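Participant: Structure here, sequence nowhere to be found:
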Ligand code: NI
């Protein structure tokens, strides 16, 4: 079966029609999706959605863009969700300097605190890193003892060199719709070079719909389009990609059934 390791079913574009969204992805062979929280409220909502559907699991975490006005004690609200039987990761967490770099120290503080949280809970992390790869790699290197349960680099768009460094830290590289974009030569080179043991697939729904659906509301049903692109770039069969990506996900997310 196919798996979507990063989607946001709590988004207004998807949540009001969730039964249809789930039925559609199941019909496309997508058997498991991981619904990702960005703040306390969305982490609680993705948990509730995971309780409604066998195919849906979730991650709880505080996104770097959502922590600007928070106290560090907010991480205790996330901690309370991690023991849930369907909570498979802490995320999305990380650094994002693209829109606003003015509180980068605070981003780093929340990032490290949530790496600790994940390690203590025995969970992998789902990482969102944008325009901050240097700082992120430094923090990950310094905290490699907290990466004991692994992690995912979500929607990877960095260089091959950074990918190698991340894999050395035991992190998986996740590919999404941007792999299908015409100007995405860099990501395609990375996708061709990464060993299959480190590859995962995601949609980041409702964002980043793959070609030829670019600009529409994305949903987990588009995972086969991304797997097909991976297969084409790597000279593999789509069935092969489907099988090894799911094996990788099972290895990383120990609660996945
Ligand atoms: Ni996301």
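Facilitator: Cool, got the structure. Please read all numbers here as calculations on a predicted model, not as lab measurements.
Participant: what's near enough to touch residue 226?
Facilitator: Residue 226 makes contact with 175-177, 179-180, 201-203, 210 under the criterion CB atoms under 8 Å, 6 or more residues apart in numbering. For glycine as for every other residue, the C-beta is placed from the backbone atoms N, C-alpha and C.
Participant: so which of those comes closest to residue 82?
Facilitator: residue 202 (20.7 Å; CB to CB).
Participant: Dihedrals phi and psi, the closest residue to the closest one other than its chain neighbours?
Facilitator: Spatial nearest neighbour of residue 202, chain neighbours left out: residue 6 (3.7 Å); criterion: CB to CB, 6 or more residues apart in numbering. For residue 6, the backbone dihedrals (degrees, to the nearest 10) come out as phi -160, psi 100.
Participant: Which residue ranges of the stretch 151-257 of the chain form helices?
Facilitator: Secondary structure of the stretch 151-257 of the chain by DSSP state H, counting those that start in this stretch: the helices cover 160-168, 185-193, 223-234, 238-252.
Participant: okay, now residue 190: neighbour count?
Facilitator: Neighbour count of residue 190, defined by other CB atoms under 10 Å: 23.
Participant: Report pLDDT for it.
Facilitator: On pLDDT, residue 190 comes in at 96.
Participant: OK, contacts around it?
Facilitator: Here residue 190 is in contact with 156, 158-160, 163, 173 (CB under 8 Å, 6+ apart).
Participant: same question, residue 65
Facilitator: Counting by CB under 8 Å, 6+ apart, residue 65 has contacts 38, 96, 99-100.
Participant: Could you do residue 127 as well?
Facilitator: Neighbouring residues of residue 127 by CB under 8 Å, 6+ apart: 91-94, 136, 151-154, 171.
Participant: Show me those that map onto strands.
Facilitator: Counting by DSSP state E, the contacts of residue 127 place 91-94, 151-153, 171 in strands.
Participant: still on that earlier bit, scan the contacts of residue 127 and report the most crowded one.
Facilitator: Counting by other CB under 10 Å, top hit in these: residue 93 with 33 neighbours.
Participant: partner residues bridging it?
Facilitator: residue 127 (DSSP bridges).
Participant: Was I right to think it contacts residue 114?
Facilitator: Yes - Residue 93 is in contact with residue 114 according to CB atoms under 8 Å; the separation is 4.4 Å.
Participant: re earlier: now the ones in strands among the contacts of residue 127 in CSV, please, with extra columns for distance to residue 70 and pLDDT.
Facilitator: Shown next, in CSV, are the ones in strands among the contacts of residue 127 (distance: CB to CB, whole Å; pLDDT from 0 to 100):
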residue, distance to residue 70, pLDDT
91, 16, 95
92, 15, 97
93, 13, 98
94, 15, 97
151, 22, 98
152, 23, 98
153, 24, 97
171, 25, 98
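Participant: Tell me the one of these nearest residue 246?
Facilitator: residue 152 (14.3 Å).
Participant: For my notes, please list the ones in strands among the contacts of residue 127 in CSV and give distance to residue 30 for each entry.
Facilitator: Listed next are those as CSV, based on distance: CB to CB, whole Å:
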residue, distance to residue 30
91, 19
92, 20
93, 25
94, 25
151, 22
152, 17
153, 21
171, 23
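Participant: Nearest to residue 72 among the residues you listed?
Facilitator: residue 93 (13.2 Å).
Participant: list the contacts for the residue lying closest to residue 192 once chain neighbours are set aside?
Facilitator: In space, residue 192 comes closest to residue 233 once its chain neighbours are excluded; the distance is 5.2 Å by CB to CB, 6+ apart. By CB under 8 Å, 6+ apart, the residues touching residue 233 are 179, 188, 191-192.
Participant: of these, closest to residue 227?
Facilitator: Closest to residue 227, out of all of the contacts of residue 233 and judged by CB to CB, is residue 179, at 10.0 Å.
Participant: Please report the number of neighbouring residues for residue 159.
Facilitator: 13.
Participant: This completes my enquiry, with thanks.
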